[in-house]
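>>> take a look and give me a structure for this.
(2 chains)
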2 protein chains.
Amino acid sequence: MSEHRPGSPVRVALLGCGTVGTEVVRLLEDQAADLAARVGAPVEIAGIAVRRPHRHPGVRQDLLTTDAAALVAREDVDVVVEVVGGIEPARTLLLDAIKSGKSVVTANKALLAEDGAVLAEAADAAGVDLYYEASVAGAIPLLRPLRESLAGDRITRVAGIVNGTTNFILSAMAESGAGYADALEEATRLGYAEADPTADVDGYDAASKAAILATIAFHTRVTAADVHCEGIRRVTAADIAAADGLGCVIKLLAICERVPGAADASESVSARVYPAMIPKAHPLAGVDGAFNAVFVEADAAGQLMFYGQGAGGAPTASAILGDLVAVARNRVGGGRGPRESSYARLPVRPMGDVPTRYHVSLEVADRAGVLSAVAGEFARRGVSIAAVRQTGGGEDGPASADGNARLVVVTHGAPDSALHATVEALAELDVVLGVESVLRVEGLGRPVSTLGVAG
Amino acid sequence: MSEHRPGSPVRVALLGCGTVGTEVVRLLEDQAADLAARVGAPVEIAGIAVRRPHRHPGVRQDLLTTDAAALVAREDVDVVVEVVGGIEPARTLLLDAIKSGKSVVTANKALLAEDGAVLAEAADAAGVDLYYEASVAGAIPLLRPLRESLAGDRITRVAGIVNGTTNFILSAMAESGAGYADALEEATRLGYAEADPTADVDGYDAASKAAILATIAFHTRVTAADVHCEGIRRVTAADIAAADGLGCVIKLLAICERVPGAADASESVSARVYPAMIPKAHPLAGVDGAFNAVFVEADAAGQLMFYGQGAGGAPTASAILGDLVAVARNRVGGGRGPRESSYARLPVRPMGDVPTRYHVSLEVADRAGVLSAVAGEFARRGVSIAAVRQTGGGEDGPASADGNARLVVVTHGAPDSALHATVEALAELDVVLGVESVLRVEGLGRPVSTLGVAG
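Numbering: from 1, shown residues only, chains lettered A, B, ... in the order given. The predicted structure follows:
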């Protein structure tokens, strides 16, 4: 990294100028005097790489270029801010930037979740900064608190709502009783879902964020491929109603946990994304609409929650500017931000071995012996049942319209594979007419008794 | 600051070994390997200054000393961690430490709120770090996010529940209907209030924290003396009930706000502590018991909230260890954390000039013309009324037991001095038999309509 000359500006190359990039430019211009005072030197835009310059009439035309590689290579550039997204050409551009001594600020969660290690090692070798607060939970200060404020603590769990699109859809379903398809349509109409919502609704976006969070929280490299990922497409209005009946709501959660080592295994970590029932009393349950929130547990700090806007141009730009000020300060003052730390190298536990809890709703024949048969399948696989509720059957009130009964089972914690196998076996039972709903239940630090299922 | 020799440990002098200090020692010992990996060098305790060594049987006796000044002066000490509290001798010890090139981590809110500028300037001159995350809101990462994550944004408001004792008391009053004295007694019995609760219940503790928060948020030096401070001693069960009737709860808030400049005045800041009604729908309203939460608004980031344990040995120690790792990393890697920034030098607005809103509950004679007389006093001082509710009077249902009526007025925003003067004038009116309750109302970004007073 070249030395900063006192009084000279810190010069920034911006890659991409969409919703977020436009806000970055605006904030840099509107707050120029404040930023200079905070950094100790002016922060200037050296150039902006875009694909179609004529589409950015509000931006100073002399800053625009279509040649991102040439912009990154310029000697008068100190910091590269990347808001293009996607793996390539972002990866090559950022690696080139780092190798030529430039610090990098990026919001690119997909790239970080896939190739964070390569970027971090390159930054380390080059002695430059790599910051990416904006890649997870938009404006919410989260990565810096996890990496720095909790650096002297032992984080045991990071669990949160980190995708606004799916949270909007699930909130809308809970509010209106709408089905998934209708709620998605509304989200698209209002601009909360993209034309192709796959990355959001199938959980890939949240999985990238889970990989980034787990990496930082557990000092262990976790990639998107390590994250078990289920989206919300199969969540039904009936699931939402069932959750409500149990005093729960359904949220798409990104969960990163330490899993204690058993006798034959050392401690490991789990990173996973799926829709889950959580108790309404949990602080995450009240996080509605496009908001994000992340719940953190650490040995000494106890329970923490961070809440705010997880997406959008201005909130994401706020996070980028925070990183940019840090990088610029380091540039002016000498020194670097904390390096990546993956010394712990904990193994990532396969989903099947992770202890989870299931809520299973079955349509069953209304006759004696049903509960015994169902309970037997759970017992056979060592799964302990926390609560059972049977409705619509003989003594329990009027039979359902079709004369069948419904059996709802909530389990204690058991390996996910045992739970999965149990559900498959249940579907094969004669007395089970249909598996209506299977959802995981996450207490997130709250005891089972907070679920209203024991009655 | 002396150079760090590669491989050598970072050595820490601990001043004080009470609830928090004991946890700091425990965390440093239990996590020694992890901390060394994160810092890049072992972090060792060089000595612990206490008043009565025999009271610390659980601590390595060879580390204990009663001579804090000598410990601070030792050449083999790199970092001084102070958890003694109070102004002296902490101030002298920390200034000596800084001047001799040692970095400082402290939880001392009173000292920072009174003399933060002196400490910051000394640290700047000596080129050492001064960190104090633990001084506000215990384990909640708050100062680092405000100072670093939001460094590229314009923070407009920081408002929060930053004192667990008073929040426990107010929560208990709201839950049980108990009066202040009974709730305080319970808090004392359960260990949530100290034998002398003055600093907590009179708001001084929260005021110190408000000064620290305002200083960081607005890049402007604010001291405890600048903070308008009212405690909770005068909050009654009737106040709590009145708040409940309006869809509100009462919380002791520390509020730091930018106040926009009028035609004849430039922008200023306000820092104040008082019990206020806030809408139940506000995220802060659900923060009960000894928990803390801080709500932050910034131009680009929008609304953020930080939630967690605000006190206690382990949570406070977690914050101290986070700072200690940062300081130690800087020591090993070269470089420094962000300096204090008070370049903005905004004036602090006197409380009388700060726009606030009042809720006033009056016992009034049940006769015609009362509302007119009361409304006239507000109008005379330019205070606009948002809502009025009269109960117990003739047409509005049965008269109250004593034949009098109650008039509840909620105002729009007006200078606090005008509101205060109005209340004094109301008390002098013949038709006003008593001023039952006066409380400020804080919407905290929510519109007036969220208060259920308009009916």
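>>> can you name every helix or strand that the helix or strand of chain A with the lowest mean pLDDT contacts?
For chain A, using mean pLDDT, DSSP states H and E, the weakest element among its helices and strands is strand A:385-391, scoring a mean of 89. Other elements packing on strand A:385-391 under the criterion 3 or more Cβ pairs under 8 Å, 6 or more residues apart in numbering or on different chains; DSSP states H and E are helix A:370-380, strand A:405-411. No exception for glycine: its C-beta is placed from N, CA and C like everyone else's.
>>> who touches the longest one?
Read that as helix A:370-380. Outside helix A:370-380, the residues within contact range by Cβ atoms under 8 Å, 6 or more residues apart in numbering or on different chains are A:362, A:364, A:384-385, A:388, A:390, A:405, A:407, A:409, A:411, A:422, A:425-426, A:429, A:431-432.
>>> can I get that helix in PDB? Just the C-alpha atoms.
Once non-C-alpha atoms are left out, helix A:370-380 reads as follows in PDB (Å, rounded to 0.1, in the frame of the first residue of the first chain):
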ATOM      1  CA  VAL A 370     -53.600 -43.800  15.900                       C
ATOM      2  CA  LEU A 371     -51.600 -41.900  18.500                       C
ATOM      3  CA  SER A 372     -49.900 -45.100  19.600                       C
ATOM      4  CA  ALA A 373     -48.900 -45.800  16.000                       C
ATOM      5  CA  VAL A 374     -47.600 -42.300  15.400                       C
ATOM      6  CA  ALA A 375     -45.800 -42.100  18.700                       C
ATOM      7  CA  GLY A 376     -44.200 -45.400  17.900                       C
ATOM      8  CA  GLU A 377     -42.500 -44.000  14.800                       C
ATOM      9  CA  PHE A 378     -41.000 -41.200  16.800                       C
ATOM     10  CA  ALA A 379     -39.800 -43.500  19.600                       C
ATOM     11  CA  ARG A 380     -38.300 -46.000  17.100                       C
END
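>>> could you dump the helices and strands packed on strand A:385-391 to JSON lines with mean pLDDT, mean neighbour count and distance to B:Leu71?
As requested, the helices and strands packed on strand A:385-391 are exported to JSON lines (pLDDT from 0 to 100; neighbours: other Cβ atoms under 10 Å in any protein chain shown; distance: least, Cβ to Cβ, whole Å):
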{"stretch": "helix A:370-380", "mean pLDDT": "95", "mean neighbour count": "16", "distance to B:Leu71": "61"}
{"stretch": "strand A:405-411", "mean pLDDT": "93", "mean neighbour count": "23", "distance to B:Leu71": "55"}
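>>> of all the ones you listed, which lies closest to A:Ile240?
strand A:405-411 (14.3 Å; Cβ to Cβ).
>>> if any of the contacts of helix A:370-380 are buried, put those into a ChimeraX selection.
Applying 16 or more other Cβ atoms under 10 Å in any protein chain shown to the contacts of helix A:370-380, the buried members can be selected in ChimeraX as follows:
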select /A:362,364,385,390,405,407,409,411,422,425,426,429,431,432
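>>> out of the contacts of helix A:370-380, who's nearest chain B?
Set against chain B, the nearest of the contacts of helix A:370-380 by Cβ to the nearest Cβ is A:Thr411 (29.7 Å).
>>> so the closest one touches A:Arg381, yeah?
No. Counting by Cβ atoms under 8 Å, A:Thr411 does not reach A:Arg381; the two are 10.2 Å apart.
>>> so what sits against both of those two?
A:Leu419.
>>> mind listing the helices for the stretch 301-450 of chain A?
When assigned using DSSP state H, counting those that start in this stretch, the helices of the stretch 301-450 of chain A occupy the ranges A:313-333, A:370-380, A:416-428.
>>> could you tell me the average pLDDT over the first one, please?
Going back to what we said before, that points to helix A:313-333. Mean per-residue pLDDT for helix A:313-333: 95.
>>> check stretch A:251-260 too.
Averaged over stretch A:251-260, pLDDT sits at 96.
>>> now the least confident helix or strand of chain A, how far from the centre of its chain.
Remark: strand A:385-391 is offset 32 Å from the chain centroid, using Cα atoms, centre = their mean, to the nearest Å.
>>> repeat for stretch A:123-131
Relative to the centre of its chain, stretch A:123-131 is centred 25 Å away, using Cα atoms, centre = their mean.
>>> can I get it as PDB, trimmed to CA atoms?
Taking Å, rounded to 0.1, in the frame of the first residue of the first chain, the C-alpha atoms of stretch A:123-131 are listed here in PDB:
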ATOM      1  CA  ALA A 123      -6.000  -8.400   1.500                       C
ATOM      2  CA  ASP A 124      -3.800  -9.800   4.300                       C
ATOM      3  CA  ALA A 125      -0.900 -10.400   1.900                       C
ATOM      4  CA  ALA A 126      -1.200  -6.900   0.500                       C
ATOM      5  CA  GLY A 127      -1.700  -5.200   3.800                       C
ATOM      6  CA  VAL A 128      -4.900  -3.500   2.800                       C
ATOM      7  CA  ASP A 129      -8.400  -3.300   4.300                       C
ATOM      8  CA  LEU A 130     -11.400  -5.400   3.200                       C
ATOM      9  CA  TYR A 131     -14.700  -4.300   4.700                       C
END
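>>> which positions within that stretch qualify as buried?
Neighbour-count burial for stretch A:123-131, with 16+ other Cβ under 10 Å as criterion, is recorded at A:123, A:126, A:128-131.
>>> quick one: it near chain B?
No. Stretch A:123-131 stays clear of chain B (Cβ under 8 Å from any Cβ of the partner chain), getting no nearer than 10.0 Å.
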